[in-house]
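In: pasting the sequence and the predicted coordinates here, then a few questions.
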Amino acid sequence: MQRAEKYNLPISQIYDLVSFMLHIEYSQAKNACNYEVDDKMAENILALLEERVPAAYITGRREFYGREFIVNHNTLIPRIETEILVEEVIKRYKDINNIELIDICSGSGAIGLTLMQELNISFLTLLDIDSQALQVSKHNAEKFNLKKNIEFICDDILNYTTEKKYDIVVCNPPYISEKEYGFLQEEVKKEPYHALVAEDNGLIFYKKILSNFEILCKSNGVIFFEIGAYQADSVIEYAAACSLYAECIKDYSGNDRVIVVTNSKRGI
Ligand SMILES: C[S@@+](CC[C@H](N)C(=O)[O-])C[C@H]1O[C@@H](n2cnc3c(N)ncnc32)[C@H](O)[C@@H]1O
């Protein structure tokens, strides 16, 4: 545990590694001093940390909004900041029935599958370009016993068209520019490049989805985007150019984090 501390991991990730290594519950990890450690396994884990492999790829799991999601090197590791988007959707839709929702760029399914369990969703689409990431989201759906009224679409949202319209579109797209990629921590660079980096200075997905607002959304539909800390102005400006209304929500660190978009002022 002391040697793991040198990798600057948050304490939650150290406990996760300990519970994984000792095959014990996360809640027991804090008091695990008297457990016998499998030295070979411990050395393997430390070697992976030395190579800057993220803890979640070692344990194959990450907690998101109070539930443990399966992750692997094909999926982005769900981030705590993304819970802001989830909270915002729940706040606005907790009393609404029969919601149809699409999670675009769904990765492990963290956003869509969480909302399926928190809201009254009658139909959920998870869409991702990466078939292996989509496979992980299928395993997560099974894990949470979500078997009905879900479809998994493997497609490129930049060339996607659909007959079906949704009440809610949620999307945490890749939004890092190629230039910013160079400054990322080594652990982050272990995540799939195509899950992180987007063309047009990180904005291509927002622009494409906003241009397709009428195709994706029902008349009262709403889009919820996660954004990078400096992207709010560009996304709001582009929404206005598409005759849409946008609002920015900050995260707990005070950074711009979520953009909510509607086609009339009443939705905001
Ligand atoms: C930032 S990750 C978000 C994953 C998940 N929604 C989350 O919040 O943890 C972006 C996801 O977009 C997917 N993606 C990248 N390019 C795409 C495209 N052109 N069409 C659809 N999905 C794409 C990646 O495979 C990746 O799973």
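Out: Great, that's in hand. Numbering: from 1, shown residues only.
In: residue ranges for the helices of the protein, please.
Out: All helices of the chain, identified by DSSP state H, fall at 2-5, 11-22, 39-50, 55-59, 82-93, 110-118, 131-143, 178-181, 186-189, 193-196, 199-202, 204-211, 213-216, 232-241.
In: out of these, which is closest to L76?
Out: helix 193-196 (4.2 Å; C-beta to C-beta). All C-beta atoms are positioned from the backbone trio N, CA, C, and that covers glycine.
In: ok, back up a step: determine which of the helices of the chain approaches I168 most closely.
Out: Comparing the helices of the chain by C-beta to C-beta, helix 82-93 comes nearest, at 6.4 Å.
In: quick one: is stretch 158-167 near the ligand?
Out: Yes: counting by C-beta under 6 Å from any ligand atom, contacts between stretch 158-167 and the ligand involve L158.
In: what's around whatever residue of the chain ends up closest to the ligand, how many residues?
Out: The minimum distance from the chain to the ligand, using C-beta to the nearest ligand atom, falls at G107 (2.5 Å). Neighbours of G107 under the rule other C-beta atoms under 10 Å: 28.
In: hmm, P78 and it touching each other?
Out: Yes: between G107 and P78 there is a contact under C-beta atoms under 8 Å: 7.4 Å.
In: wait, does stretch 249-260 make contact with the ligand?
Out: No: using C-beta under 6 Å from any ligand atom, stretch 249-260 stays clear of the ligand, coming no nearer than 11.8 Å.
In: got the buried residues for that stretch?
Out: 249, 251, 256-260 (16 or more other C-beta atoms under 10 Å).
In: and stretch 51-60, by the same measure?
Out: Neighbour-count burial for stretch 51-60, counted by 16+ other C-beta under 10 Å, picks out 53-59.
In: got TSV for those residues, with distance to Y181 too?
Out: Converted to TSV, the buried residues of stretch 51-60 look like this (distance: C-beta to C-beta, whole Å):
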residue	distance to Y181
V53	18
P54	16
A55	21
A56	20
Y57	19
I58	23
T59	25
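In: can you redo those as a markdown table with pLDDT?
Out: Shown next, in a markdown table, are the buried residues of stretch 51-60 (pLDDT from 0 to 100):
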| residue | pLDDT |
| --- | --- |
| V53 | 97 |
| P54 | 97 |
| A55 | 97 |
| A56 | 97 |
| Y57 | 98 |
| I58 | 98 |
| T59 | 97 |
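In: can I get the residues you listed in JSON lines with distance to the ligand?
Out: Shown next, in JSON lines, are these (distance: C-beta to the nearest ligand atom, whole Å):
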{"residue": "V53", "distance to the ligand": "18"}
{"residue": "P54", "distance to the ligand": "13"}
{"residue": "A55", "distance to the ligand": "16"}
{"residue": "A56", "distance to the ligand": "11"}
{"residue": "Y57", "distance to the ligand": "14"}
{"residue": "I58", "distance to the ligand": "18"}
{"residue": "T59", "distance to the ligand": "16"}
